[in-house]
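# Generate coordinates for the sequence data below:
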Amino acid sequence: MRLRLRRVKKLPVANTAATPRNNERTQSFVHTGTIAAGLRAAVTQRRNRIVAWFTRATIEQRYAQVIRRLVKVGLMTVLFAFGVPATAHSPVSAGPSTDHWVTREVQAPRVSFHTFDSAAAKAKVSYHLYTPAAYDREPQRRFPVVYWLHGSGGGLDGIAQIARHFDAAIESRKTPPFLVVFVNGLVEGMYVDWKDGTAPLETVIVKELVPHIDGAYRTVAAREGRLLDGFSMGGYGAARLGFKFTEMFRAVSIVGAGPMQEELVQTPRAGRQRAAEVLSKVYGGDQAYFRAVSPRTLAAQNAEAIRKSSLVRIVIGDQDETFENNRKFHEHLQSMKIAHSWTVLPGVAHDPMGVLRAMGDDNWAFYRDAFGGSAGSSSAEKKSEAIVSFRIKDQDRRALVVNAPTDGTTRPTVIVLHGGMGSASVMRANSGFDPVAKANGFTVVYAEGTDFGSDRHAWNTGYLLRRQVQEADDIAYFDTLIDTLVRDFGADPARIFMTGGSNGGMMTFVYAVARPQRLAAIAPVVASMFTFDNVPAVPLPILIINGAKDEEVPIDGGMSRNPIVKRAQEAPYKPLKDVVQFWVRVNKSKAQPKLTTLGTVTTTTFEAEPDGAETEFVVDSAGGHGWPGSKSRREGISPIASFSGAERVWAFFKNKSRTFDKNAPLKKP
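Modelled structure (predicted):
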């Protein structure tokens, strides 16, 4: 529709002072009032047509077009005098309409358009998805996901270019293949839950979109398989979501980001008025809310988690108006010792494709770090057996990987922990997992604790062998190990299991309480817990195996009856009946168990309630300390001999997998 408005001669302003001159003008004001009434009726009719026009397209776009035309004809004052439809630029936010949650479809090679039903938005929400050619060629393979967050304005015009840029890099083997979800961040959604509740964008993305993507496509459905990347408003969003939900996103790319300042008073690219409009619409005009949800605050709140496991970069052009705010944010992260790369691109302004082109192949180095080393490695170059080495807190740590896939597929992975004063090689020799793994098609990983001399290793559970391993951070060790297994050794992130004997079983308890979201099930063997102070954030299937004649970890709890172990023990073991009840409660297992007895072995099974997990307790009345089925290490100690520990543990694990419950509250580990 073409909007035509005529210039109107400026009307005189009435002065009601009682003077002869004014009395002489009274009649002329009657005529002026008639003109004004006619003008008011005409503008009202025109306003109604404008309202209808607004509903057929993005409000912000129509509003901007109207304002530009009105400025040209000098009628802004008249229009506001008779009322303008409220928009997102007004001081009061009405929130986005349902139309805003579904964008138009963009046509581009290997890009498809989709919607899903959002309970949070109370509407359908759209997204675009890029899939690499490898997704079609390798139907058994799972792929990592890049969540691309656009800048203000909707970002639709850039999808085709960015998808082609990603596709060219993948096809030229500069980066491993991945999916790209082009998130609908609204025209100016800021990737935050709006204070007035009208646009819960953070909730839509984190609790609905991510689970939807993992459920609908063959993704690496874990933090190791998710990278947040975004430009401008999207860079701000990537920092926000990546720093707040460290358990969901491993890598965070912050490019040309804004607003990164401490308060939203002025925007470098648009000035004070625009900042005030965004502050009003999104943050309810509340600077305290803006600060509370800002990347600065989230980085400070979650600094320890970010330092431990997040891969972070900041990229900015030196001609970008947001450069100074990004530099200060970079210094803010430095002050908290949050490791990150800081890249300044000479001669580059606020332009997403300009930034991507200027980064060149350095961009893909970040993606390779996030998703798994060399993009060009073939299946033939991968090894089914390898030693994994890395450093944790200035200590060299390692693990032994056996039976990993070499064809690009993923497998269930069982992490096996040795006992106190043991090692990965000793556990491999004694546990019997190698043949079980090869017969059943899973990868087995023999983890190794901290070396305290003469090839003796132990785990830092907090209460045993503390003097020897008190500096070890074994939570960080297993976080890093799992990241590496998913990235480099085909571990299915939904089917990662952990088991261990003795001190290794105790560490299995400790890691399961701290990181239950990272595991599909656990099986502590001839072990117990020292404390119930901490509780797992989510239920986790557990198999507990003990021998009734165990003297080193008595089934009734208390101090070890082995003098050497007792001297290394700083707290009594919890009785196993209390340990079992602890897990029954946190797993939401049924209170009434099922009991079966076969020979000397009694199995007590507490089945899962809805939204809960199974708890199983196996006791061999004739068994002592040691891995089930292994040879006795010392005279007088007889490990459980009625079954193979590896076979019994795998029988429990084999049908388990970890799922993401979109209705469950998100909790930090």
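# which strands and helices sit next to the longest strand seen in the chain?
When the chain is parsed with DSSP state E, its longest strand is strand 491-501. In terms of contacts (3 or more Cβ pairs under 8 Å, 6 or more residues apart in numbering; DSSP states H and E), strand 491-501 is packed against strand 411-417, helix 474-488, helix 503-514, strand 521-525, helix 645-653. The C-beta positions use only the backbone N, C-alpha and C, and glycine is treated the same way.
# now with 7 Å?
In terms of contacts (3 or more Cβ pairs under 7 Å, 6 or more residues apart in numbering; DSSP states H and E), strand 491-501 is packed against strand 411-417, helix 474-488, helix 503-514, strand 521-525.
# Run through who's touching stretch 190-208.
Applying Cβ atoms under 7 Å, 6 or more residues apart in numbering, the contact partners of stretch 190-208 are 93, 95-96, 118, 120-121, 125, 149, 183, 185-186, 189, 233, 236-237, 240-241, 245, 248, 282-284, 286, 289, 293, 662, 666.
# For that stretch, give the mean pLDDT please.
Averaged over stretch 190-208, pLDDT sits at 96.
# Just the contacts of stretch 190-208: which are in strands?
Residues of these located in strands (DSSP E): 118, 125, 149, 183.
# For those, work out which two are farthest apart.
118 and 149 (17.0 Å; Cβ to Cβ).
# just the buried members of the contacts of stretch 190-208?
Those of those that meet the buried threshold are 93, 96, 118, 120-121, 125, 149, 183, 185-186, 189, 233, 236-237, 240-241, 245, 248, 282-283, 289, 293, 662, by 16 or more other Cβ atoms under 10 Å.
# Can you classify residue 629 by secondary structure?
Going by DSSP: H, G, I helix; E, B strand; the rest coil, the secondary structure assigned to residue 629 is coil.
# what number of residues lie near the nearest residue to it once chain neighbours are set aside?
Leaving aside its chain neighbours, residue 629 sits nearest to residue 644 (4.1 Å; criterion: Cβ to Cβ, 6 or more residues apart in numbering). Neighbourhood size, residue 644 [other Cβ atoms under 10 Å]: 20.
# hang on, isn't residue 644 packed against residue 432?
Yes - judged on Cβ atoms under 7 Å, residue 644 makes contact with residue 432 at a distance of 5.6 Å.
# joint contacts of those two?
residue 629.
# residue contacts, residue 456?
Contacts for residue 456 were tallied using Cβ under 7 Å, 6+ apart; they are residue 421.
# cool, the one 3 residues further on as well?
Taking Cβ under 7 Å, 6+ apart, we find residue 459 in contact with 417, 449, 469, 474, 503-504, 506-507.
# So which of those residues is surrounded by the most neighbours?
Within the contacts of residue 459, residue 417 tops the neighbour count with 33 neighbours, counted by other Cβ under 10 Å.
# isn't that residue right next to residue 504, touching?
Yes - applying Cβ under 7 Å as the test, residue 417 and residue 504 come out as touching, 3.0 Å apart.
# Can you list which of the contacts of stretch 190-208 are found in helices?
Secondary structure from DSSP state H places 233, 236-237, 240-241, 282-283, 289 of the contacts of stretch 190-208 in helices.
# any idea which of those is the one closest to residue 390?
For these, the residue nearest residue 390 by Cβ to Cβ is residue 241; the value is 26.6 Å.
# now that closest one, nearest residue through space, not along the chain?
Among residues not flanking residue 241 along the chain, residue 228 sits closest, at 5.9 Å (Cβ to Cβ, 6+ apart).
# For that neighbour, pull up the helix or strand it's in.
Assigned by DSSP states H and E, residue 228 belongs to strand 226-231.
# can you tell me which residues contact residue 470?
Contact analysis of residue 470 by Cβ under 7 Å, 6+ apart lists residue 460.
# go again using 6 Å as the cut-off
With contacts defined as Cβ atoms under 6 Å, 6 or more residues apart in numbering, residue 470 has no neighbours.
# Roughly how far does it sit from residue 452?
10 Å (Cβ to Cβ, to the nearest Å).
# before we move on, what about residue 439?
Counting by Cβ to Cβ, the gap from residue 439 to residue 452 is 35 Å.
# mind putting the contacts of residue 459 in a markdown table, distance to residue 566 included?
Shown next, in a markdown table, are these (distance: Cβ to Cβ, whole Å):
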| residue | distance to residue 566 |
| --- | --- |
| 417 | 22 |
| 449 | 20 |
| 469 | 18 |
| 474 | 22 |
| 503 | 14 |
| 504 | 19 |
| 506 | 15 |
| 507 | 19 |
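# Could you export these to a markdown table, including columns for pLDDT and distance to residue 639?
Below are those laid out as a markdown table (pLDDT from 0 to 100; distance: Cβ to Cβ, whole Å):
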| residue | pLDDT | distance to residue 639 |
| --- | --- | --- |
| 417 | 98 | 16 |
| 449 | 93 | 20 |
| 469 | 75 | 24 |
| 474 | 92 | 24 |
| 503 | 94 | 15 |
| 504 | 96 | 14 |
| 506 | 96 | 17 |
| 507 | 97 | 19 |
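# List the contacts of the longest strand of the chain.
220-222, 224, 410, 412-417, 419, 485-486, 507-508, 519-523, 525-526, 627, 649, 653, 657-658.
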